[in-house]
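Enquirer: Model the following, please.
(2 chains)
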Amino acid sequence: MNSIVNQFISAFSASDIPGGYFTLFATIVIISGLAVFGVMAVTALVAVYFERKVSAFMQDRIGPMEVGIFGFKGGKKFWGGIGQTIADALKLLTKEDIIPRLADRKLMMLAPFIIFGGAFITFVGVPFSEGIVISDFNIGLFYIMAASSIGVIGVILAGWSSNNKWSLYGGMRSAAQIISYEIPIALSLILVVIVVGSLRMTDIVVWQADHRWFIFHSPFAFLAFFIYFISAVAETNRTPFDIPEAESELVAGWMTEYSGFRWAVFFLSEYANMLIVSIVASVVFLGGWLSPFQMFDFGLFPESWMLLDGPIWGLFWIVVKAMILIFVMMWFRWTFPRLRVDQLMTVCWKYLIPFALANVILVSIWELIF
Amino acid sequence: MSINFSLKIYGIFVYQNFAPIVVFIVLLIALLGVPFILQSLLSPKQNKGGQKLDTYECGEVPEGNAWIKFNIRFYIIALIFIIFDVEVVFLFPWAVVFNELGMLAFVEMMIFIAILLVAFAYVWVKEDLNWVKMSVKYGKGRYANLKGDKEV
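Expert: As a prediction, the model looks like this:
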């Protein structure tokens, strides 16, 4: 039980704080909440810039190259236009907030809060490293899944309240897609729970430190990682599963009528969700905050490399693993064409769910035998 | 210092680990509220209203209302989802104690999954997993020739 909150409360409990325990608790949580918001904002800023550059280089174009910061531009080099996302953020903040005359005003204003809230409160349980987690729940994995699926309510609200045909189609498709792909995600994550016997994220990583990365536990776990990752891409509404916001047919899907900062909130939550699914994938399947050198220790690396563990290095490793997964998601976007709606449903219900269910059964047999 | 004590917030006891969620919900309203206020100060004030507030329909004058009766497929998917979601909720506590209970837990859950698979097979055979049902006899009109197609 070493979460940020518990650590700080233990550290300060000896000293006499005015306002007592409640003030101390609220202060710590608010500071960590602001830190989480900062992480979300920085992730979105970096990821938007990164996505533009990655897509530009994959398609042999340059991407942003004009906007610099502190007189530093970069031009046609990879770091060109490094201030572009900051300029975008400022632009979105100064845009007019348009709500159509026929729309349901209250629901339309509420929707960004729900979508953002779903991503934001999920971070209470998302570990960034050993001990760097706001609350180390005993139901951590379950909480993350439950909280991150709140967002779909906001998507339906946004689609319905806009009173726009594109929004309605986008919202409905998005809802159907997100709830469908939640099942393979849950069934893949159950594998690790069967093996470890705990839903706590720390326990899952401790098991992997004792044995091996969970992706190499059995052939079924290996398959489960790919089922999880495909479903996670669909869950975050990214290409090739971006049917809800297919630009060429639905304008912008359920975001069509939104503008300015309300639209920016959707973008923020999308990248936050990408970060969440990547961190969960790296914690559950890829050893979380463990250094990869320990895993492949066959005497190939110097002894000193085995010491690259602990909270600070753990933060580095988990960020590296998550960033690699996010890069793969961006890579997908420029590699695969968009699926049709019926193909989307077929992939989920006829391939991923039966395979994931078979995985659960086979892994429990594997556990009974070994 | 004991860790599992609870916290009293407005007369309700909240388990300490879950209390941050309550604080986060309050915080998120504040965090989103500040940029919204900032936006209302910075954004243009002139030229409000008019055709700008029309519903967007690619530049055309909007036709009718978007609040219509919607396709039944989405509701069927939601129904099937509920069955599987409840199953997953049952699977989680089972998975936690699986290694302790061993064979007994395995057999019991196999019976549960088998019952569920019957429902899954039924839905599959009835083609509710397909986006367009091919085995249904469609009347005269658009879908009259649909039956012959094998491709889904």
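Enquirer: distance between stretch A:349-356 and the chain's centre?
Expert: Offset of stretch A:349-356 from its chain centre (Cα atoms, centre = their mean, to the nearest Å): 22 Å.
Enquirer: nearest residue to the residue of chain B found nearest chain A other than its sequence neighbours?
Expert: Chain A sits closest to B:Trp131 of chain B, with a gap of 3.2 Å, by Cβ to the nearest Cβ. In this view, the C-beta of every residue, glycine as well, is placed from N, C-alpha and C. Closest residue to B:Trp131 apart from its sequence neighbours, by Cβ to Cβ, 6 or more residues apart in numbering or on different chains: A:Asp342 at 3.2 Å.
Enquirer: can I see the domain layout of chain B?
Expert: B:6-43, B:72-148 (automatic domain parsing).
Enquirer: Can you flag the weakest of those by average pLDDT?
Expert: With a mean of 76, domain B:6-43 has the lowest mean pLDDT of the domains of chain B.
Enquirer: Model confidence score at the closest residue to A:Ile215 other than its chain neighbours, please.
Expert: Spatial nearest neighbour of A:Ile215, excluding adjacent residues (Cβ to Cβ, 6+ apart): A:Phe285 at 4.4 Å. As predicted, A:Phe285 sits at a pLDDT of 90.
Enquirer: Mind jotting down where the strands sit in the chain?
Expert: Using chain A here. Taking DSSP state E as the test, none of chain A falls into strands.
Enquirer: not quite, I wanted chain B
Expert: Under the criterion DSSP E, chain B carries strands at the ranges B:6-9, B:12-15.
Enquirer: how many other residues sit next to A:Ser231?
Expert: 26 (other Cβ atoms under 10 Å in any protein chain shown).
Enquirer: hmm, I was thinking of A:Ile204
Expert: Neighbour tally, A:Ile204, other Cβ under 10 Å: 25.
Enquirer: Next one: it from A:Leu191, what distance?
Expert: As judged by Cβ to Cβ, to the nearest Å, A:Ile204 and A:Leu191 stand 11 Å apart.
Enquirer: what is in contact with those two at once?
Expert: A:Phe214 (Cβ atoms under 8 Å, 6 or more residues apart in numbering or on different chains).
Enquirer: check contacts around the spatially closest residue to A:Glu235 that is not a sequence neighbour.
Expert: Leaving aside its sequence neighbours, A:Glu235 sits nearest to A:Tyr181 (Cβ to Cβ, 6+ apart; 5.1 Å). Contact analysis of A:Tyr181 by Cβ under 8 Å, 6+ apart lists A:Ser231, A:Ala234, A:Glu235, A:Phe241, A:Cys348, A:Leu352.
Enquirer: neighbours of the fourth one, just the number please.
Expert: Meaning A:Phe241. The number of residues near A:Phe241, taken as other Cβ under 10 Å, comes to 25.
Enquirer: The second one now?
Expert: In terms of burial, A:Ala234 registers 25 neighbours under the definition other Cβ under 10 Å.
Enquirer: ok, it touching A:Pro244?
Expert: No - with contacts counted by Cβ atoms under 8 Å, A:Ala234 stays clear of A:Pro244, the gap being 10.2 Å.
Enquirer: Find residues that contact each of those two.
Expert: With Cβ under 8 Å, 6+ apart as the test, A:Ala234 and A:Pro244 both reach A:Gln177.
Enquirer: quick one on the thing from earlier: quick one: least confident of the contacts of A:Tyr181?
Expert: The lowest pLDDT within the contacts of A:Tyr181 belongs to A:Phe241, which sits at 83.
Enquirer: Please tell me how far the nearest residue to that residue once chain neighbours are set aside sits from chain B.
Expert: Using Cβ to Cβ, 6+ apart and skipping the chain neighbours, the partner closest in space to A:Phe241 is A:Ala234 (3.9 Å). Distance, A:Ala234 to chain B, by Cβ to the nearest Cβ, to the nearest Å: 14 Å.
Enquirer: dump the residue contacts of B:Met110.
Expert: A:Ile361.
Enquirer: what do you get for A:Leu191?
Expert: Counting by Cβ under 8 Å, 6+ apart, A:Leu191 has contacts A:Phe214, A:Phe220, A:Ala221, A:Ala224, A:Asn359, A:Val360, A:Val363.
Enquirer: Let me see the ranges of the helices in chain B.
Expert: Counting by DSSP state H, chain B has helices at residues B:19-42, B:72-96, B:98-101, B:103-125.
Enquirer: For the last one, list the C-alpha coordinates in PDB.
Expert: Extracted as PDB, the C-alpha positions of helix B:103-125 are listed here (Å, rounded to 0.1, in the frame of the first residue of the first chain):
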ATOM      1  CA  MET B 103     -10.700 -27.500 -10.100                       C
ATOM      2  CA  LEU B 104     -14.000 -26.700  -8.400                       C
ATOM      3  CA  ALA B 105     -13.900 -23.000  -9.600                       C
ATOM      4  CA  PHE B 106     -12.900 -24.200 -13.100                       C
ATOM      5  CA  VAL B 107     -15.800 -26.600 -13.500                       C
ATOM      6  CA  GLU B 108     -18.400 -24.100 -12.100                       C
ATOM      7  CA  MET B 109     -17.200 -21.400 -14.400                       C
ATOM      8  CA  MET B 110     -17.200 -23.700 -17.400                       C
ATOM      9  CA  ILE B 111     -20.900 -24.500 -16.800                       C
ATOM     10  CA  PHE B 112     -21.600 -20.800 -16.600                       C
ATOM     11  CA  ILE B 113     -19.700 -20.000 -19.800                       C
ATOM     12  CA  ALA B 114     -21.400 -23.000 -21.500                       C
ATOM     13  CA  ILE B 115     -24.800 -21.500 -20.700                       C
ATOM     14  CA  LEU B 116     -23.700 -18.200 -22.100                       C
ATOM     15  CA  LEU B 117     -22.300 -19.800 -25.200                       C
ATOM     16  CA  VAL B 118     -25.700 -21.200 -26.000                       C
ATOM     17  CA  ALA B 119     -27.100 -17.700 -26.000                       C
ATOM     18  CA  PHE B 120     -24.100 -16.500 -28.100                       C
ATOM     19  CA  ALA B 121     -24.600 -19.300 -30.600                       C
ATOM     20  CA  TYR B 122     -28.300 -18.500 -30.800                       C
ATOM     21  CA  VAL B 123     -27.500 -14.800 -31.500                       C
ATOM     22  CA  TRP B 124     -24.900 -15.900 -34.100                       C
ATOM     23  CA  VAL B 125     -27.300 -18.300 -35.900                       C
END
